[in-house]
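Trainee: Here's a sequence, model it:
(one chain, ligands or ions: 2)
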Amino acid sequence: MFIEILVIVILLLFLLLMLIYSKKEKPSRQSFWDDIREEKLPVYRLCPLCKSPLEKGENVYSHLYPGHPDGMMHIFGCPHCYDKDRSMAIQRYCPYCHEALSQEGYVIARVFQKPGKTQVHVLGCTGCRLRNSEN
Ligand SMILES: [Zn+2]
Ligand SMILES: [Zn+2]
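Mentor: Residues are numbered from 1 along each chain as shown. Ligands and ions are numbered 1, 2, ... in the order given. Modelled structure (predicted):
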C-alpha cells in the first residue's frame, strides 16, 4: 500500500515538472515585447541621461516602439531630470554625444534580444541623430 502511494506521488511530481518545463518553452517574439511593455525589463540603476542613482520604484520614463527584429525606444529621463513641470529638473545629457538635451529632446535607442536578456543600445539624442542624418 505504501509503495503504491509512493509511486503515485512520484508520478504526480513528474507531471508537475513536465508542466513547469512546458511553460518555460522559448518565448515567442510577441511575449518578448509583452514582457518589456510590462516593464520587467530593462531596469536601470543609474539614469542614463543624468546619472542620478535610482531608488527602487524610480523608473526611467521611456516609450517602446516594438518592431521586427529590433524595436526602438525613446528615453525621456528619470524623476530627477524629467519632471512634469520641469521646474526642479536637472539637466539631461545625451549618453552618445554628451551634449545637453533640449526641453523637448529625448534619447533614441535600439532594443533587441540577446540570449537570456534584453539589450538597449543608445543610438543618440534628437540633437545628434538629426545632425547626423542631415550630413
Ligand atoms: Zn535622470
Ligand atoms: Zn546626442
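
Trainee: residue ranges of the strands in the chain, please?
Mentor: With DSSP state E as the definition, the chain shows strands at residue ranges 61-65, 71-77, 107-114, 117-125.

Trainee: Just the angle for the shortest one relative to strand 117-125, thanks.
Mentor: Interaxial angle, strand 61-65 versus strand 117-125 (axes from the mean of the first three to the mean of the last three CA atoms, to 10 degrees): 100 degrees.

Trainee: Ok, which of the strands of the chain comes nearest Tyr96?
Mentor: Nearest of the strands of the chain to Tyr96, taken as CB to CB: strand 117-125 at 4.3 Å. C-beta: built from backbone N, CA, C; applies to glycine.

Trainee: partners of the closest one, with directions?
Mentor: Here strand 117-125 is paired, per DSSP bridges, with strand 107-114 (antiparallel).

Trainee: Quickly check: the partner strand near ligand 1 or not.
Mentor: No: Strand 107-114 is not in contact with ligand 1 by CB under 5 Å from the ion; minimum separation 10.5 Å.
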